[in-house]
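Trainee: Quick one, structure for this:
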Amino acid sequence: MVKPTTVRLLLSLAVSRGWSIRQLDIHNAFLNGQLAETVYMRQPPGYEDKLLHNYFLVYVDDILIMDSDSDRVTTLIDKLALELKVRDMGVPSFFLGIEIVLLSGGMLLSQQRYMKDILKRAGMVDCKPVITPVSSVKITDDVAVPYADPTQYRSLAGALQYLTVTRPDLSYDVNLLCQHMHAPTTTDWVSLKRVMRYVKGTLNLGLRISRSTSMDIHAYSDSDWADDPNDHKSTSGFAVFLGSNLISWIFRKQRTVACSSTEVEYKGLADIYMQKLHGSFLCYMKSASLLRLLLDYGDYPNPSPKAKTNTLSAARSQEPQQPAVPAANPSTCSSVEAANPASNKINFRPPQVS
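Mentor: Numbers count the residues shown, from 1 in each chain. From the prediction side, this is the model:
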């Protein structure tokens, strides 16, 4: 099954390189999917040619095919049609619940239909919208009152998780909501409804993917310090860009308690560097042949990764201060603009692989 990061990464490459993109639907995919043995797949002939690339994004019976040659895409679809009942849907417009709106110089990934469905499930179609997903006044209760319908809370919080596929501006707030799934309180329910009201007011937002001339990977990281009053753990977040396009992001609690704000920032940087760039992120890209694809299209002399920050006091004494970036207004910008922090930055160029 294709992962959201892979979808965003390959769409970014396709837009930047002018690849042909076609969407297919396979009828009765489950009937054709009974396998009693392990199946190994090999890259098709021609993959080694840097000028010719074809990639499949497969989720059950929904498929996106990308290739640098549109004729090769047509030929491949014709061959698939000889073996399976295939419906050629042409240029993709709706994939995995995500609307793909073609724009000049790129595309917009929108989940507007999905947002309206969530609001309908919550009975908040006509709710009053707000401009921020979290109240500026922190709500605290002396006595926690369990929410009467925890199943409803878990259902809506889980639905909001999938919305973060194209809405990075919701990732932090949804992460907080999901931390209370086991025993939600009335206060948690109020916080969830606040997020729903924010969704109501931002139905037009989505993730824009634009044509980019750069294939460099840039990562931004930021952390709070002991913000959770219960366990005093900090929350870290990062955003990874391929060129000018946002392709990966996450917010999560750190595993241990930090003794200072400097320590928590270093932990955030170490987490993104070791686990996402040097670790699982690159291993995942390599296993999917995406790292080699980046190497084919980028000029990577194999330098060491460089980290820059404007929040750590230790770094301030060694590097020039970077100008602050004003907070984005969610009502006047796309999601990618609202989720582009300038706090901690790692400039990373993938190493060469043989």
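
Trainee: need the contact list for the closest residue to Ser260 other than its chain neighbours.
Mentor: If the residues on either side of it in the chain are set aside, Ser260 comes closest to Trp225, at 7.7 Å by Cβ to Cβ, 6 or more residues apart in numbering. Using the backbone N, CA and C atoms, a C-beta is placed for each residue, glycine as well. Residues in contact with Trp225 (Cβ atoms under 8 Å, 6 or more residues apart in numbering) are Ser234, Ala258, Ser260, Ser261, Val264.

Trainee: Need the max-distance pair from the residues you listed.
Mentor: Ser234 and Ser260 (10.5 Å; Cβ to Cβ).

Trainee: These two: who's more crowded?
Mentor: Neighbours were counted for Ser234 and for Ser260 using other Cβ atoms under 10 Å; Ser234 has more, 22 against 11.

Trainee: you'd agree that one is up against Ser223?
Mentor: Yes: counting by Cβ atoms under 8 Å, Ser234 does reach Ser223; the two are 5.4 Å apart.

Trainee: on that earlier part again, I'd like the list of the contacts of Trp225 that fall within helices, please.
Mentor: Members of the contacts of Trp225 lying in helices (criterion: DSSP state H): Ser261, Val264.

Trainee: Dump the contacts of Trp225 to TSV, plus distance to Asp216.
Mentor: Output for those, formatted as TSV (distance: Cβ to Cβ, whole Å):
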residue	distance to Asp216
Ser234	29
Ala258	30
Ser260	32
Ser261	29
Val264	27
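
Trainee: Need the residues touching each of Ser234 and Ser223.
Mentor: Gln254, Val264, Lys267.

Trainee: For stretch 156-176, list every residue counted as buried.
Mentor: Going by neighbour count (16 or more other Cβ atoms under 10 Å), the buried part of stretch 156-176 is 156-157, 159-160, 162-176.

Trainee: That should have said stretch 244-261, apologies.
Mentor: Taking 16+ other Cβ under 10 Å as the criterion, stretch 244-261 shows Ser244, Asn245, Leu246, Ile247, Ser248, Trp249, Ile250, Phe251, Gln254, Ala258, Ser261 as buried.

Trainee: Next, the closest residue to Ser261 other than its chain neighbours: secondary structure please.
Mentor: Nearest non-adjacent residue to Ser261, counting by Cβ to Cβ, 6+ apart: Trp225, 4.4 Å away. Following DSSP: H, G, I helix; E, B strand; the rest coil, the label given to Trp225 is coil.

Trainee: and Trp225, how far is that from Trp249?
Mentor: Shown here: Trp225 relative to Trp249, a distance of 20 Å by Cβ to Cβ, to the nearest Å.

Trainee: What of Lys120?
Mentor: From Lys120 to Trp249 the distance is 27 Å (Cβ to Cβ).

Trainee: how near is the nearest residue to Asn245 once chain neighbours are set aside to Lys79?
Mentor: Nearest residue to Asn245 in three dimensions, chain neighbours excluded: Ser12, at 4.1 Å (Cβ to Cβ, 6+ apart). For Ser12, the distance to Lys79 equals 27 Å [Cβ to Cβ].

Trainee: Leu108 now?
Mentor: Applying Cβ to Cβ to Leu108 and Lys79 gives a distance of 32 Å.

Trainee: what do you get for Phe56?
Mentor: Distance from Phe56 to Lys79, by Cβ to Cβ: 13 Å.

Trainee: packing partners for the host helix or strand of Arg194?
Mentor: Using DSSP states H and E, Arg194 sits in helix 186-201. Here helix 186-201 touches helix 112-121, helix 150-163, helix 171-178, going by 3 or more Cβ pairs under 8 Å, 6 or more residues apart in numbering; DSSP states H and E.

Trainee: so where's the stretch 251-354 of the chain shaky on pLDDT?
Mentor: 273-354 (pLDDT under 70).

Trainee: List the contacts of the nearest residue to Arg87 once chain neighbours are set aside.
Mentor: Nearest residue to Arg87, sequence neighbours excluded (Cβ to Cβ, 6+ apart): Asp25, at 4.4 Å. By Cβ under 8 Å, 6+ apart, the contact list for Asp25 reads Asp61, Asp62, Ile63, Val86, Arg87, Met89.

Trainee: The fourth one contacts Leu80, correct?
Mentor: By that I understand Val86. Yes: the pair Val86 / Leu80 is scored as a contact, 5.2 Å apart, by Cβ under 8 Å.

Trainee: circling back: return the subset of the contacts of Asp25 lying in strands.
Mentor: Asp62, Ile63, Val86, Arg87, Met89 (DSSP state E).

Trainee: Mind telling me the two of these farthest from one another?
Mentor: Asp62 and Val86 (11.8 Å).
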